[in-house]
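A.B. asks: Following is a predicted model, sequence given first.
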Amino acid sequence: MPASIGSRTALGFDYGTKHIGISVGQEFTGTARPLKAIKAKDGIPNFDLIQAIIKEWQPDILVVGLPLNMDGTEQPFTARAKKFANRLHGRFGLEVVMQDERLTTADAKQSLFAQGGYRNLQKDNIDCQSAVVILESWFESQYL
C-alpha cells in the first residue's frame, strides 16, 4: 500500500552528464539530507548503484531536477534530464516527478560554504547539496 501524501519518503536527483547527486528526505518534515554522488558516463549512471539506494531507502517517490533557462523555457539539457527521469520510472516502477532546479547550484554552494568554507565546495558535495535543494523545494511546492 503506497504511503499517503504528506508522509512519503523521497529521493532527490541532481542529474548531470558526469555526476548525479542524490538526496533523501521526508515529506512530513519537508527536509532532506545528502546521500552521495554517483558517477555517470555521458549521462548514464550505473543503475545498480541507484537500485541499491532505492532498496535501502524504500522511497515512495523520486524527484529529478528539471534544468530550465532563467526565463523558464527549456534548454537542450532539459530533454536529457527528462529521459533520465523516464528511465528511473521504467526501471524501478516508482512515481517520478520533475522539479525546477534553477539556481539550485548557487544555493547549494552558498549553504556548503556557510557550513565549512571553501574546503566544503567539492564537486560531490555540491551535487549532493543541489539534490537536497531540489528535494526541499519540491516539498515546499506541495504546500503552496
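C.D. replies: Thanks, I have the structure now. Numbers count the residues shown, from 1 in each chain.

A.B. asks: Mind giving me the packing neighbours of whichever strand or helix holds S23?
C.D. replies: According to DSSP states H and E, S23 maps onto strand 19-26. Applying 3 or more CB pairs under 8 Å, 6 or more residues apart in numbering; DSSP states H and E, one finds that strand 19-26 contacts strand 9-14, strand 31-41, helix 47-57, helix 123-141. Heads up, the C-betas are built off the backbone N, CA and C, glycines and all.

A.B. asks: Out of the ones you listed, which is the most enclosed?
C.D. replies: Comparing the helices and strands packed on strand 19-26 by mean neighbour count (mean count of other CB atoms under 10 Å), strand 9-14 comes out on top with a mean of 26.

A.B. asks: Could you tell me how many residues sit around Q99?
C.D. replies: Burial of Q99 is recorded as 20 neighbouring residues (other CB atoms under 10 Å).

A.B. asks: picking up where we left off before, distance to V24 and mean pLDDT added to the helices and strands packed on strand 19-26, as a markdown table?
C.D. replies: Below are the helices and strands packed on strand 19-26 laid out as a markdown table (distance: least, CB to CB, whole Å; pLDDT from 0 to 100):
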| stretch | distance to V24 | mean pLDDT |
| --- | --- | --- |
| strand 9-14 | 6 | 95 |
| strand 31-41 | 5 | 92 |
| helix 47-57 | 5 | 96 |
| helix 123-141 | 8 | 80 |
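
A.B. asks: Any chance of the ones you listed in CSV with distance to G72 as columns?
C.D. replies: Shown next, in CSV, are the helices and strands packed on strand 19-26 (distance: least, CB to CB, whole Å):
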stretch, distance to G72
strand 9-14, 19
strand 31-41, 24
helix 47-57, 29
helix 123-141, 15
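
A.B. asks: Direction included, what does the strand holding S23 pair up with?
C.D. replies: Strand 19-26 pairs in its sheet with strand 9-14 (antiparallel), strand 31-41 (antiparallel), by DSSP bridges.

A.B. asks: TSV for these, including distance to S141?
C.D. replies: Converted to TSV, these look like this (distance: least, CB to CB, whole Å):
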stretch	distance to S141
strand 9-14	12
strand 31-41	13
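
A.B. asks: Minimum distance to V97: which of those strands has it?
C.D. replies: strand 9-14 (8.9 Å; CB to CB).
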